[in-house]
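Participant: Below is the sequence, then the predicted model.
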2 protein chains.
Amino acid sequence: MTTDTETTVRTAVAAGADDMVAGLVEWLRIPSISGDPDHHPDVRRSAEHLAQALRDTGFPTVEVWETAGLPTVFAEWPSDDASAPTALVYGHHDVQPVTPLELWEHPPFEPTIDGDRLHARGAADDKGQVWFHTLGVRAHLAATGRTSPAVNLKLVVEGEEESGSPHFAALLKEKADRLAADVVVVSDTGMWSRETPTVCVGMRGMTDGQLDLRGPSGDVHSGSFGGAIRNPLTELARLLAALHDDAGHVTIDGFYDGVVELTDEERALIAKLPYDEQAWLVNARSDTTYGERGFTTLERVWARPTAEVNGVWGGYTGAGHKTIVASEGHAKVSFRLVPGQEPGDIQRKFETWLGTVVPPGIEWAMTWYGPGVRPCVTPLDHPALQAVTRSMAAAFGTDVLYTREGGSGPEADLQDVTGAPVVFLGISLPEDGWHAPNEKVDVSLLLKGAEAAAHLWADLARSLPR
Amino acid sequence: MTTDTETTVRTAVAAGADDMVAGLVEWLRIPSISGDPDHHPDVRRSAEHLAQALRDTGFPTVEVWETAGLPTVFAEWPSDDASAPTALVYGHHDVQPVTPLELWEHPPFEPTIDGDRLHARGAADDKGQVWFHTLGVRAHLAATGRTSPAVNLKLVVEGEEESGSPHFAALLKEKADRLAADVVVVSDTGMWSRETPTVCVGMRGMTDGQLDLRGPSGDVHSGSFGGAIRNPLTELARLLAALHDDAGHVTIDGFYDGVVELTDEERALIAKLPYDEQAWLVNARSDTTYGERGFTTLERVWARPTAEVNGVWGGYTGAGHKTIVASEGHAKVSFRLVPGQEPGDIQRKFETWLGTVVPPGIEWAMTWYGPGVRPCVTPLDHPALQAVTRSMAAAFGTDVLYTREGGSGPEADLQDVTGAPVVFLGISLPEDGWHAPNEKVDVSLLLKGAEAAAHLWADLARSLPR
């Protein structure tokens, strides 16, 4: 049964759809690759382009905030209801690199519409999901007859998310008063599938770094010295192998201390999803699953902490052979974290563990890539999450289920600075090609995103405590 | 007590010393780097230069043998004693690359004499040790009053030893009749020290190759998939870690089958060497020794088989971080072999072992760098070894001890093709800088080499069975 409100919102979104898509296409033409210094002028252009679009949408305050790196766009549209709660939307306007270019079927920065699909770098991650909010707030006003949103609406759209948000935490602290909010709405995630709309309830945290081992002070001949000194590549292998036990548990002392275990309800909700292992394996480019004993695949990637080796190198790696005992071995190691774990604590525990497993004759050094990112999970009974759930259900006309993201983002920083809960409003699909060639988004889902946003601002005004 | 023969040989060597050094200096100017295609014309020039020098020495037959790669020089000087045994000297005229050039104190191809030291690439490895034979045979004739050597003397000096002798085995087979010999004398090794002259009695064999593991068909996001699929870098670490047990033994099933253990006499002879662990560690660029339990350092590098990781790579290895589960992991692995082991057998056993340790979800492939090199050890009681021992003792005026080489060379091929035992006549020192910047040789030791050769040809004529 479709309600009047649903019909009104849908009609308003449909009326603005063509303009919304046309505007997004123009924005997608800007190659705002934050990871490539040659494209930094484009990231700045992207910020200005978005700022102008938000002014055109009606936001009375729009600012481009400079950082030590690339700019963030901030917009604010106060409600005329003095006691209205404040919602802060988070997204980003920078995009991933596009190499290898030859794998793209459409040029990444020449947006192409093919039926329901809009092909371009950034179409789903994250420009499309930022842009639908321009239509969402207009539809909210049209459907409610208001001239300002029912909530105080703020947007913060950063320009370095694809580069690890190196300056975002500092900016959040600097601008804490401007960013004050009762709820943070992150639009930078996806849904289970077109047929199974879902709301994400959390992301894992992460901390990662580089481990350097050193044995001999220079490479030595493996015939003359091999077998009589420690080989740093063998020692690297031993410690990486020792990171997990036979049951797939991480062996670092205290690694699981404080980990919040899944409740029976949470496990049941995950089990309700129409999980298809073969389909999952296609996305994982793998033939078989493997992981921590006692957990399903979805539980492993969403709700369990992990230790992963992201890269290794050392010794002779060229063509042919060079029989040496190498001086150095290196590994990139990352830890995904779940509620109850703190990145800094895990860093300390890993270093303590290294101290116990690295043998005499081998020196080690661990360099962390920053302080790490905390995990972020919203309780299922939180009013803001309930509001998002209702809004997605209204937009899609069906029940919605819950997912999590195995990945990590700056959500915990947003949560800390605002003191507000974080909820996720995202409409991208697993097959949208984030970070890969041939990224696309479904235009019909962008419109559903706009509908859900329109519902959400009205719902939050009703349901959040005042 | 110096014998008359020793005095006569020494006088003859001293008389020819200046000419010998002058000739060697000219040869060392030729940058015969077989590993660099730009220098292949120089390797050919080096072969012609040596051939002319051997003709000038008096060898009636001197030929430059072309191969599919770079040329080998062959020379033959028959004895006028029809029943004389035949000795075949092996060496090589190509040299190692010279990078990093900035570390050389003297230009590598502008030979410099500084007191007793002759600095140049190839001074010790191996041009100097080939060249002293030109003086050695002349001194032999002068000391014995002969016009031809007491043995049928042959030299085979290859041009690709520093590139792994890729065409030498085929050449040996093709020229087997020309190379027929009763003993092979390898002049491409060193001694324990200036104060402790030694004879090498063997080298380890070797087989090596590249191991490739594949997990996902492409890199995947470690947040989305990590912890729920096999990580090929973790699996690589596990199998490299599993190559040895806690006692440092190689765990490959059957790896030690047939290994000829050191006799008490051999262990005692090794223990007689004035081994200085601190000095050994300086050469090993290491702080501490480590290896197979139950063996000394020298036993480990000379007489025990090993498995070593020479290189590893896979996943993200650039600056900063990229949180992926990589598609592929790679390692270069080498095995040093001792008598009783066959490279082909070890290759099969390693592959069988891989089949048992690589888990489902990971594909593996092993590519061997050729058939490998067999170990080569001469029994202490062999008449040819006794002759070399006496000749070295005569040249140095002191007892000589025995060493082995941990490295590997084409000696086993020489042994197979000729059916003759291999003995080693080398005078280089551990500090001569083989394969490193600032290679040098002691001129006084080149003269000792010439003396030892002069004694050896007379001794072999007496002591080898006819």
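Facilitator: Everything's here; your move. Numbering: from 1, shown residues only, chains lettered A, B, ... in the order given.
Participant: what element comes up after the least confident helix or strand in chain A by mean pLDDT heading to the C-terminus?
Facilitator: Sorting the helices and strands of chain A by mean pLDDT, DSSP states H and E puts helix A:411-418 at the bottom, at a mean of 87. Per DSSP states H and E, the first helix or strand lying C-terminal to helix A:411-418 is strand A:422-424.
Participant: Which strands border that following strand, and is each parallel or antiparallel?
Facilitator: strand A:183-186 (parallel) (DSSP bridges).
Participant: Residues touching the strand it pairs with, excluding its own?
Facilitator: By C-beta atoms under 8 Å, 6 or more residues apart in numbering or on different chains, the surrounding residues in contact with strand A:183-186 are A:85-91, A:384, A:388, A:409, A:411, A:414-415, A:418, A:420-426, A:456, A:460, A:464. No exception for glycine: its C-beta is placed from N, CA and C like everyone else's.
Participant: how about the residue nearest the centre of chain A, phi and psi?
Facilitator: Geometric centre of chain A, nearest residue: residue A:409, 4.4 Å, by C-alpha atoms, centre = their mean. The phi and psi values for residue A:409, taken as degrees, to the nearest 10, are phi -150, psi -170.
Participant: Ok, residue A:195 next?
Facilitator: phi -80, psi -20.
Participant: and it, what does it touch?
Facilitator: So residue A:195 contacts residue A:274 (C-beta under 8 Å, 6+ apart).
Participant: for the one 4 residues further on, same thing?
Facilitator: Shown here is residue A:199, whose contacts under the criterion C-beta under 8 Å, 6+ apart are A:385, A:388, A:389, A:392, A:400, A:401, A:402, A:403, A:423, A:424, A:425.
Participant: Can you classify it as helix, strand or coil?
Facilitator: strand (DSSP: H, G, I helix; E, B strand; the rest coil).
Participant: For it, name its beta-bridge partners.
Facilitator: Under the criterion used (DSSP bridges), residue A:199 bridges to residue A:402.
Participant: any idea how far chain B is from it?
Facilitator: For residue A:199, the distance to chain B equals 18 Å [C-beta to the nearest C-beta, to the nearest Å].
Participant: What residues does whichever residue of the stretch 51-200 of chain A sits closest to chain B make contact with?
Facilitator: In the stretch 51-200 of chain A, the residue that lies nearest chain B is residue A:164 (7.3 Å; C-beta to the nearest C-beta). Neighbour list for residue A:164: A:369, A:370, B:320, B:321 [criterion: C-beta under 8 Å, 6+ apart].
Participant: Filter those down to just the buried residues.
Facilitator: Buried subset of those (neighbour count, 16 or more other C-beta atoms under 10 Å in any protein chain shown): A:369, B:321.
Participant: just the contacts of residue A:164 now: which is nearest residue B:232?
Facilitator: Set against residue B:232, the nearest of the contacts of residue A:164 by C-beta to C-beta is residue B:321 (18.4 Å).
Participant: packing partners for the least confident helix or strand of chain A?
Facilitator: strand A:86-92, helix A:168-174, strand A:183-186, strand A:376-377, strand A:422-424 (3 or more C-beta pairs under 8 Å, 6 or more residues apart in numbering or on different chains; DSSP states H and E).
Participant: Let's see that with 6 Å instead.
Facilitator: When contacts are defined as 3 or more C-beta pairs under 6 Å, 6 or more residues apart in numbering or on different chains; DSSP states H and E, helix A:411-418 packs onto helix A:168-174, strand A:183-186, strand A:376-377, strand A:422-424.
Participant: Could you save these as a markdown table and add columns showing mean neighbour count?
Facilitator: Shown next, in a markdown table, are the helices and strands packed on helix A:411-418 (neighbours: other C-beta atoms under 10 Å in any protein chain shown):
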| stretch | mean neighbour count |
| --- | --- |
| helix A:168-174 | 18 |
| strand A:183-186 | 27 |
| strand A:376-377 | 24 |
| strand A:422-424 | 28 |
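Participant: worst average pLDDT in those?
Facilitator: Among the helices and strands packed on helix A:411-418, strand A:376-377 carries the lowest mean pLDDT, a mean of 89.
Participant: neighbouring strands for it, and are they parallel or not?
Facilitator: strand A:198-203 (antiparallel).
Participant: Are stretch A:307-320 and chain B in contact anywhere?
Facilitator: Yes - Stretch A:307-320 reaches chain B (C-beta under 6 Å from any C-beta of the partner chain) through A:308, A:309, A:310, A:311, A:312, A:313, A:314, A:315, A:316, A:317.
Participant: and the residues you listed, which two are the farthest apart?
Facilitator: Maximum pairwise distance among the residues of stretch A:307-320 next to chain B (C-beta to C-beta): 25.4 Å, between A:308 and A:316.
Participant: if I look at residue A:18, how far off is residue A:59?
Facilitator: In this view, residue A:18 and residue A:59 are 21 Å apart by C-beta to C-beta, to the nearest Å.
Participant: More neighbours: which of the two?
Facilitator: Neighbours around residue A:18 and residue A:59, counted as other C-beta atoms under 10 Å in any protein chain shown, are more numerous at residue A:59. The numbers are 22 against 9.
Participant: Not counting its neighbours along the chain, what's nearest that one?
Facilitator: Distances taken as C-beta to C-beta, 6 or more residues apart in numbering or on different chains put residue A:75 closest to residue A:59, at 4.1 Å, once the chain neighbours are dropped.
Participant: follow-up on the earlier one: for the closest residue to the residue nearest to the centre of chain A other than its chain neighbours, give the beta-bridge partners.
Facilitator: Here the nearest residue to residue A:409 in space, its sequence neighbours aside, is residue A:203; by C-beta to C-beta, 6+ apart that works out to 5.7 Å. Using DSSP bridges, the beta-bridge partners of residue A:203 come out as residue A:376, residue A:405.
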